[in-house]
Structures are given as structure tokens and as C-alpha cells.
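K.L.:
quick one, fold the following:
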Amino acid sequence: MAVGPTTSAQIARIHASRRGPLRHIIAVVGVFVSAVFACSPGADAQVAGSDVGPSSSYITPFPPADTYRVQVYGDWMAESLLPALAETLQTEPRVQVLRRARTLVPLVRFDHEDDIRAEEQSRDPLQIGILFFGISDRTNFRAAPGAPLLRLGTEAWQAEYGRRVDRLLKALKRRGVAVYLVGQPPLRRDEANADAMMLSEVLRDKAFVNGVRFIDIQPAFVDEDGNYSQYGPDFSGDIQRLRESDGVSLSWIGNRKLAAIIEKEIRKDLAIAYAERAVPLAGTEAEQRRINPDKPYVAPQRANLAPQVQPSQKDGRGQATAQPSATPVPAPGRQPASITDHKSETSRLVLRIPDQTGREENVTTEIVRPPISAATLTLLKRKETAQVNNQTFDTIAAELSDGTTLSLFVAPSQNSGSQAKGAASPAQEIYNTVWIRGDRLPPKPGRADDFRWPPRDEIPYVAAPSAPEGGRQPVAQPAKAPAGLIRANPPANIPRARLQSTN
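P.N.:
Numbers count the residues shown, from 1 in each chain. This next block holds a predicted model:
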């Protein structure tokens, strides 16, 4: 889960520690600049000791032996999380979860320095680290023997505890470990829950400064009102018991839900790492060694297109003159092309031909095929491909009664010689104009796509005459002009002034 922006409390501490408007501006800008550099793609790349340069992936794309080793760090809650996380990630073939959790003593104790020093000096190859600790650190402590007591929740307590978390994160990052720092779950008692949320804010700030992933799990273990709940939806959506009766521990279903949240974040970063692995197929020697450590990398050699020199003639002094060859000579050690030279072949064909007397004689005929060079075959192959791509089509066009043009494009037959090869028919030009270029055809008068304004005079509708009762033919009535239109030739008895006023 992505780390949020700098909290208002952190900015307030910066303002309180530095006085003067200029120092305030410099302090705030420094925090944001350091955060940007810490969370940049180059800084997120966990490629310790890599010789392939910076990576845009948070997890290294090229782990040793093509396997990502995952280590869980923390206290007794981390030990409960380990089996659930191993079960969740067992479907990932390249991920190996170590079966033993790395137990960390509470950071409020004096001997926490031993654990941090051991991580700084460790050479164990590790790519992913899950940190889940702090539930036992909600107490007062001293920074050193004989030092004043630091009260839980005070600024001095947060500063000293944050310094120890910062040192632990830096020790893991120097080893190239992609760190996922898990926050604190909500607790049942209000006082304990307030301390746990304060501890999560300290962990969030240090994760933001060091550019590591912080996973906030509090929203996943509260009810609709944001309060502590012992029951809730599990990783599949069913309502299950997520917390133990002590109000602190997670049940097995709760640990499986927490493991599913962590797995989601890891899989997103693994997808980016896998995508980066597919890029350097023809990369540098260092990249190829990381992909194929057992197979030596051989740089591709280019063909030597220099003309081959062959002595064929002698000049007047008796020295051989060089005759360049038109056929390119491949570089030594290069594999031959897929199209090779065709050697000359001679085939014999036996024909049975009757003579004048009706008897059949066997006549043997030799068919000689000359040699064909690879360059000629390549040109012929290229010409055949171009002819297939530029294949024309025969058109069958018909115009319906309503003016619609119907065109059918069919493959040309061998006997059709109506169109020359490469020449397009008028119907094809219409097809390319409308369907390829997207141009509109000029509308036909009276068709649905004729939007010209003012419209042309419509043809008046006259009903077909019907025979009356007395057998007399009806008198045709003059068609009336549509409403709102002025006739082109008004009657002569209408004054012109009246006509203008009508307009």
C-alpha cells in the first residue's frame, strides 16, 4: 500500500524545531525533496551489488537462482503470520518463504542493537523482507542506561523510537532487501488502541522517509463505524472471527486475511519486476549474464558486406588484378541464412512415343535446372510477399431501387482479366475513400443523408384517382405547397408589398 504524504504533525515538529521564516521554508522544502528522491523509481530499485545499473522495479528483477527469498521479521505476532503467508504465496513458483521467522527483540530494550548489528553484517541473500513488530513496544523506556525515562507517546519517545526503526530499515536496504513494513492492528481497549495508532504513525513516517512500502491494516479489521470488531469479512468475503479473545492477537483467519493484504502488495511489485525481465533480450553482457548465468553470452556478429577479392586477370606487368565479387561474404563463424544457394540439378524424364508403325519407343530427356544464388531467391521471395500484400480484388457492384450502391469485393480468379494487376477499380476507390480515409460521399438528392438547406422543393404527393360512384372521373386538384414555404412563382394578383411582409 503506497505511503501517504507527510503528516501535519511532522510538519509542525519541523516548524517547532527551527525558527525564522526562511528556515521554515528550507525545512519544509527539504522534507519534500528528500521524500521525492527516496520514493523515485531509481531509489526504489532493490538491486544491491547489481552490475546492470538502476532499475525501475521495487523488487530486483534478477534474483540469484531465479528465486525470491522472503523473510518475516518481528515479534510473536510475526511468528503467527508466517504460516499464513507461506500458504498464501505457495502458488508463486519463484517465491520461497523461509520457514523460520527472524525474531526481533522489542526496540525499547537495550539489546536491540545486537539484532540491528547482525542485519548490517549479514551476507545472507534476501530479496523481500516483511516487518511486523511493535505490539510489545507500547511502554516507557530509556534511551541509554542512566538516561531519563521516556514517557510513551511523548515527542522524545517518538523521536528515539523512530531513530531505531530508521536504523533497522537502512540496514535491510543496504542488503538490497525490498522491505514491507506492516502497521499495527486496532486493539479493543481505547487506551491501547490510541497507543497502537500512534506507533503506526511513527512507522509510516519512517517508511516514507526511507522509501519503503508501508501497509496500513487498520481499515481491514474495523467495523463500518471504524471501531474494533472481533468479527469481519475474511479474505474471501465471508464473515469470520478475525481476532482472539484477548483483543490483541489475530486468529488463523485473521492472519490469512493479513497475508492476503501483504500478498496483494508483493504481487503488484513482482508483476513490475517480471515485466522488466522481458526487456533486455538483446541487452548488454551484464544483463544477459543475469538472465542466463549458465550460458555464455555471445555478441551478435554482423555480416561482412565487403566485396570478396578474387584474382582473375593479370595486368601488363604480370601481376594479378582484383575482381570484386557481387555476392556478399558472411563473417566467419556466422550461421548461414535460412535461404541458401540452389545447386544445379539434372532430372531425367522417360517418354513413351509411338513411331510410324505404331510401336512405342522410350525416349529419355534430360531437364537441366541451372544454379540459383541465395540473393536471387531472396529477391524472388520478397517480390512474392509484395504481390500478396498488394493483391487487388474484383468488384461486383449493383444499385438498388432507392439509390443505394451495393459493392461486393471478391478475390480475383485466374481467368479474370478485367483489371490489370495493381490497378484499383472505381468501387475500390470508393471503399478506400469511405472506409480507410473516412471521407463522406456526396449525398444524392432526396436521400436520407441529404442535409442541404434550404431543402429543394419536395415532390407533392397526389393520391391515385379512384372511380366514383357515378362513373365520373375526379378532377385533379392542384397540389398545395408545404406549410411555411413560399412558392417560387407567386400568383400575379398578390401585391409585391404583401409578399414582402409575408417574408
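
K.L.:
N140 against A147, yeah?
P.N.:
No: contact between N140 and A147 fails when scored by CB atoms under 8 Å: they sit 11.8 Å apart. Yep, even glycine has a C-beta here, placed from its N, CA and C like the rest.

K.L.:
so, low pLDDT: which residues of this structure?
P.N.:
For the chain, the stretches flagged by pLDDT under 70 are 1-55, 278-339, 382-429, 456-503.

K.L.:
which parts of it are helices?
P.N.:
Here the chain has its helices, by DSSP state H, at 8-17, 21-38, 41-44, 76-88, 112-121, 155-174, 190-210, 252-277, 285-291, 374-389, 426-431, 496-502.

K.L.:
what is the longest one packed up against?
P.N.:
Helix 252-277 makes packing contacts with helix 76-88, strand 178-182, strand 213-215, strand 239-241 when contacts are defined by 3 or more CB pairs under 8 Å, 6 or more residues apart in numbering; DSSP states H and E.

K.L.:
which of the ones you listed sits closest to T433?
P.N.:
Closest approach to T433 among the helices and strands packed on helix 252-277 is made by strand 213-215 (55.4 Å; CB to CB).

K.L.:
direction included, what does the closest one pair up with?
P.N.:
Take DSSP bridges as the rule and strand 213-215 pairs in its sheet with strand 178-182 (parallel).

K.L.:
output the helices and strands packed on helix 252-277 as CSV; include the columns mean neighbour count and distance to V108.
P.N.:
Below are the helices and strands packed on helix 252-277 laid out as CSV (neighbours: other CB atoms under 10 Å; distance: least, CB to CB, whole Å):
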stretch, mean neighbour count, distance to V108
helix 76-88, 19, 15
strand 178-182, 25, 17
strand 213-215, 23, 21
strand 239-241, 13, 31
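
K.L.:
format these as TSV; extra columns: distance to A259.
P.N.:
Shown next, in TSV, are the helices and strands packed on helix 252-277 (distance: least, CB to CB, whole Å):
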stretch	distance to A259
helix 76-88	4
strand 178-182	10
strand 213-215	11
strand 239-241	14
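
K.L.:
and these: which comes nearest G129?
P.N.:
Minimum separation from G129 across those (CB to CB) falls at strand 178-182, 5.0 Å.

K.L.:
A156 and A147 touch, don't they?
P.N.:
No: taking contacts as CB under 8 Å, A156 lies outside contact range of A147: 10.3 Å.

K.L.:
count of residues packed around the residue nearest to F235 when sequence neighbours are not counted?
P.N.:
In space, and not counting its chain neighbours, F235 is closest to A260: 3.9 Å by CB to CB, 6 or more residues apart in numbering. Neighbours of A260 under the rule other CB atoms under 10 Å: 16.

K.L.:
switch to numbering from 48
P.N.:
Fine by me, first position is 48 from now on; the one you just mentioned is A307.

K.L.:
any idea how far apart the tips of stretch 225-244 sit?
P.N.:
End-to-end span of stretch 225-244 (CA to CA, to the nearest Å): 24 Å.

K.L.:
and if you look at stretch 268-283?
P.N.:
14 Å.

K.L.:
go on, stretch 109-126?
P.N.:
One end of stretch 109-126 sits 28 Å from the other (CA to CA).

K.L.:
and the contacts of that stretch?
P.N.:
Here stretch 109-126 makes contact (CB atoms under 8 Å, 6 or more residues apart in numbering) with 94, 97, 99, 106, 128-129, 132, 136, 141-145, 148-151, 153, 172-183, 224, 296-297, 313, 317, 324, 337-338.

K.L.:
out of the residues you listed, which sit inside strands?
P.N.:
142-144, 149-150, 175-179 (DSSP state E).

K.L.:
of the residues you listed, which is the nearest to H389?
P.N.:
Among these, V142 lies closest to H389 (CB to CB), at 53.4 Å.

K.L.:
tell me how far the closest one lies from Y321.
P.N.:
Separation of V142 from Y321 (CB to CB, to the nearest Å): 12 Å.

K.L.:
P233 contacts A243, doesn't it?
P.N.:
Yes: using CB under 8 Å, P233 makes contact with A243 at a distance of 7.0 Å.

K.L.:
overlap of the contact sets of the two?
P.N.:
Between them, P233 and A243 share no contacting residue, judged by CB under 8 Å, 6+ apart.

K.L.:
of the contacts of stretch 109-126, buried ones?
P.N.:
94, 97, 99, 106, 128-129, 132, 136, 142-144, 148-149, 151, 153, 173-183, 224, 297, 313, 317, 324, 337-338 (16 or more other CB atoms under 10 Å).

K.L.:
F180 versus the closest residue to S247 other than its chain neighbours, what's the distance?
P.N.:
Distance criterion CB to CB, 6+ apart; nearest residue to S247, sequence neighbours excluded, is G230 at 4.1 Å. Using CB to CB, we find G230 at a distance of 11 Å from F180.

K.L.:
what do you get for I400?
P.N.:
Applying CB to CB, the value for I400 to F180 is 100 Å.

K.L.:
ok, now which ones touch I419?
P.N.:
By CB under 8 Å, 6+ apart, the contact set of I419 is 388-389.

K.L.:
and it, how far from S391?
P.N.:
Noted for I419: a distance of 9 Å to S391, by CB to CB.

K.L.:
could you do E202 as well?
P.N.:
Taking CB to CB, one finds E202 at 94 Å from S391.

K.L.:
kindly report the same for P502.
P.N.:
In terms of CB to CB, P502 sits 77 Å off from S391.

K.L.:
those two: which is more packed in?
P.N.:
P502 (12 against 9).

K.L.:
buried ones in stretch 193-201, by neighbour count?
P.N.:
Buried residues in stretch 193-201, counted by 16+ other CB under 10 Å: 197, 199.
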